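[1] next comes the sequence, and after it the predicted model I'd like to discuss.
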Amino acid sequence: MCENRCRQHGSLYNQSTGLEVLVEQTTDVAIVGGGIVGSAAAYVLARYTTVRRITLLERATVIATESSACGSNSQTLHVGDIETNYEPDMARRVRDDAELIAAYLDRHPRDASAYRRDHKMVLAVGVREVAQLTARFAAIRDLYPALRLVDGPAIAVLESNVMAGRNPRVPVAALVSHEGYTVNFAKLAASWIRAARASSAQVSVLCGMPVSAMRRADDGFVLAVPGGTIRARAVVVCAGAYSLLFARRLGYGQELEFLPVVGGFYRTTIPNVLTGKVYTVQVPERPFAAVHGDADVRNAQWTRFGPTAKPVPMLARARARTIPDFLRTIVWSARGILSYLVIMCRPQLFPFLLKMLIIESVPFIGKRVFLRDARKIVPKLRVSDIERVHNEGGIRPQLVDTRTMALQHGEGRIEGDRVIFNVTPSPGASVSLAVAARDAEQVCAWLGATFDRTRFIADHTRVPMDVSVPRTAA
Ligand SMILES: Cc1cc2nc3c(=O)[nH]c(=O)nc-3n(C[C@H](O)[C@H](O)[C@H](O)COP(=O)(O)OP(=O)(O)OC[C@H]3O[C@@H](n4cnc5c(N)ncnc54)[C@H](O)[C@@H]3O)c2cc1C
């Protein structure tokens, strides 16, 4: 997947021998970071623009090992129908952006292991949540013609374990869609890299190439990499949590800082507990998904529950050596520090984060507290039925705007002169292709190149499919 060879000059950086031979490459666009967002950028630039030289620089030895790795995220192509914390406007935007990926997946059956089409639902439990979900259905039903409001018996047909053992006096309802996509975003990223390299553009994908510094030069930017430099006319930084650090070093995003929130998962010890995705009603002011359960894209027999949400002073999960980097993202002013305090103490957030801290950090009790949330989905789950998935989960780089002292929902984008910094908490993977298209358009404007938007849209429009599945309307 990665080639550590610089085509223009034939120089070599050999990761396995540790041999560092001078890298001196000149490129039109350098992409920093090879997660789903950087891979999407390479794909769109290579296939839909007249930009000729594209270089992707990835710190790790393979692409998509951080937030975009399969075990790091919830594997959901978010379209806004079952995400009750999205305002209708955001739901519409995410739907349109995610639709591009749905179309790509449908049109690339060769990459079938990258995704599965599943049913999905958001479950409301209790009078208040049922009323809330009913009102939401009325507000968004025109946006999602395939969405249905269903009652308990209809839920049981799809997910018997969701209704088994449930108190019949507590009302339930669900918004159900049969058009869900469960996605291995790392495999999707690999598919985009293959497509980019099969194009007529010169695409270099250099892994094991951490960009340690970036400075402005007359003709663009100079990026420092092991053993040399890369000169680029424009740069798109897609380095996850590190994007803000790069931006700050070049003088951008001085009013922004991070609340890094780690998300982990539990897995059932018994197979086939759920067959699709079951989300729960979320608190609108909270940018983190409420606990949900679903069948893993890697093996449909595994059922995962999560993600948890614990703030950590790090930029990568379980890597204490990134603490100094996190400290560099803090706006060291009274307003910067106050922003953290104000956000963490918000009534919608404080009890939630405290509970998550207990779940993540307190042995014995943490698992039992988590089980209470998971039982909202599968009432008969026992403590012995779930186990922590170790070494999986990722960091959500939630942006904090110190001017408003508020958390930003969704992805963040900082645009400078010939440089773009993408910061992508959830639903960043779902909107990655749309982000890449916006970036490509801007990069082309800077470089005097053209972006063939018409062909891009035509290639990423879904061919109508037969979704003739039983729909039980309540
Ligand atoms: C628990 C959890 C659940 C989630 N669930 C979903 C979901 O269901 N659906 C969804 O759409 N989104 C979800 N997300 C969000 C989604 O995972 C991210 O938005 C997405 O993966 C971000 O992709 P990225 O390419 O920006 O970042 P990453 O995948 O983190 O990639 C960044 C890359 O940059 C590289 N890098 C960093 N610094 C450097 C450097 N100096 N030089 C070179 N390379 C560098 C890293 O090695 C990494 O490969 C979830 C996130 C979490 C944490």
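    Right, received. Where do you want to start?

[2] can you give me the helices for this structure?
    Taking DSSP state H to define them, one finds helices in the chain at 36-48, 88-107, 127-140, 152-158, 160-163, 185-197, 242-249, 323-329, 334-344, 350-361, 365-377, 432-447, 453-459.

[3] give me every residue in the stretch 1-150 of the chain lying close to the ligand.
    32-38, 57-60, 64-68, 72-76, 78 (CB under 6 Å from any ligand atom). Quick note: C-beta positions are derived from backbone N, CA and C, even for glycine.

[4] one more pass at 8 Å, please.
    Selection of the stretch 1-150 of the chain residues close to the ligand by CB under 8 Å from any ligand atom yields 32-39, 57-60, 63-69, 72-78, 98.

[5] take the helices of the chain and lay them out in a markdown table including mean neighbour count and mean pLDDT.
    Shown next, in a markdown table, are the helices of the chain (neighbours: other CB atoms under 10 Å; pLDDT from 0 to 100):
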| stretch | mean neighbour count | mean pLDDT |
| --- | --- | --- |
| helix 36-48 | 29 | 98 |
| helix 88-107 | 19 | 96 |
| helix 127-140 | 16 | 97 |
| helix 152-158 | 17 | 98 |
| helix 160-163 | 19 | 98 |
| helix 185-197 | 23 | 97 |
| helix 242-249 | 22 | 95 |
| helix 323-329 | 16 | 92 |
| helix 334-344 | 15 | 90 |
| helix 350-361 | 16 | 92 |
| helix 365-377 | 18 | 97 |
| helix 432-447 | 22 | 98 |
| helix 453-459 | 13 | 98 |
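
[6] how about Ala239, what does it touch?
    32-33, 38, 59, 211, 245-246 (CB atoms under 8 Å, 6 or more residues apart in numbering).

[7] got the phi and psi for it?
    phi -100, psi 30 (degrees, to the nearest 10).

[8] change the start of the numbering to 28 and stick with it
    Done: numbering now begins at 28, and the last item shifts to Ala266.

[9] next one: it from Phe292, what distance?
    24 Å (CB to CB, to the nearest Å).

[10] what's the residue of the chain most remote from its centre sitting at in phi/psi?
    Distance from the centre of the chain peaks at Arg196, with 37.6 Å (CA atoms, centre = their mean). With angles defined as degrees, to the nearest 10, Arg196 sits at phi -80, psi -20.

[11] would you agree Phe377 is in contact with Ile370?
    No - counting by CB atoms under 8 Å, Ile370 is not a contact partner of Phe377; they are 9.4 Å apart.

[12] the stretch 278-427 of the chain: strands as residue ranges?
    283-290, 293-295, 304-307, 319-322, 330-333, 337-338, 413-415, 421-428 (DSSP state E, counting those that start in this stretch).

[13] adding mean pLDDT, distance to Arg243 and mean neighbour count, write those strands out as JSON lines.
    Shown next, in JSON lines, are the strands of the stretch 278-427 of the chain (pLDDT from 0 to 100; distance: least, CB to CB, whole Å; neighbours: other CB atoms under 10 Å):
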{"stretch": "strand 283-290", "mean pLDDT": "92", "distance to Arg243": "20", "mean neighbour count": "23"}
{"stretch": "strand 293-295", "mean pLDDT": "97", "distance to Arg243": "46", "mean neighbour count": "21"}
{"stretch": "strand 304-307", "mean pLDDT": "98", "distance to Arg243": "44", "mean neighbour count": "25"}
{"stretch": "strand 319-322", "mean pLDDT": "97", "distance to Arg243": "44", "mean neighbour count": "26"}
{"stretch": "strand 330-333", "mean pLDDT": "98", "distance to Arg243": "41", "mean neighbour count": "26"}
{"stretch": "strand 337-338", "mean pLDDT": "90", "distance to Arg243": "33", "mean neighbour count": "19"}
{"stretch": "strand 413-415", "mean pLDDT": "96", "distance to Arg243": "45", "mean neighbour count": "18"}
{"stretch": "strand 421-428", "mean pLDDT": "91", "distance to Arg243": "24", "mean neighbour count": "23"}
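
[14] between the ones you listed, which one is nearest to Ala173?
    strand 304-307 (14.5 Å; CB to CB).

[15] if we ignore the residues flanking it in sequence, what's nearest Arg119?
    Leu170 (5.7 Å; CB to CB, 6 or more residues apart in numbering).

[16] which one is whichever residue of the stretch 228-377 of the chain sits closest to the ligand nearest to, not counting chain neighbours?
    Residue nearest to the ligand within the stretch 228-377 of the chain: Gly290 (2.5 Å; CB to the nearest ligand atom). Leaving aside its chain neighbours, Gly290 sits nearest to Pro334 (3.2 Å; criterion: CB to CB, 6+ apart).

[17] go on, Leu250?
    Nearest to Leu250 is Ile257, by CB to CB, 6+ apart, at 4.5 Å.

[18] before I go, just wanted to say thanks for your time.
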